[in-house]
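>>> can't give you the sequence, but here's the structure:
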């Protein structure tokens, strides 16, 4: 199957759709999930046109996971999280809803369940505040 250049992450990468960006380099972009499961839920995407993990080369995957780890460390600190869940889905049957490879970084708190994903949009002001917390730590 050919890469869908009209998927939402491709549009964000091209600047056609706004996003609360927290980190960007030549290979990756990290931004806030607009339908977060927890405060501070961020997404990390490669700038490569790749639908899933099988479409990335080793170097591209290494760059993606390195930034994912960096965002996870910042999220743990910024949101005083007890833990971090990393999620990455490959194919619709696995739960992938956007056909562009991405990692979820989800701060977790002891005794607190995750919100359902994809159910409701977070307030834009809240997302902007969360993005600022992460950007501050990622730019140190």
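The structure has been received and is ready for your questions. Since this is a predicted model, take the numbers as computed values, not measurements.
>>> spatially speaking, which residue is in the middle of the protein?
Central residue of the chain (C-alpha atoms, centre = their mean): residue 43, 0.4 Å from the mean position.
>>> what helix or strand is that one on?
Using DSSP states H and E, the element containing residue 43 is strand 42-46.
>>> Over to residue 107?
Per DSSP H and E: strand 103-108 holds residue 107.
>>> in its sheet, what does that strand sit against?
Strand 103-108 sits in its sheet next to strand 42-46 (antiparallel), strand 83-87 (antiparallel), going by DSSP bridges.
>>> can you pull the contacts of the nearest residue to residue 121 once chain neighbours are set aside?
Spatial nearest neighbour of residue 121, excluding adjacent residues (C-beta to C-beta, 6 or more residues apart in numbering): residue 34 at 5.4 Å. (Glycine included, C-beta is placed from N, CA and C.) By C-beta atoms under 8 Å, 6 or more residues apart in numbering, the contact list for residue 34 reads 121-122, 127.
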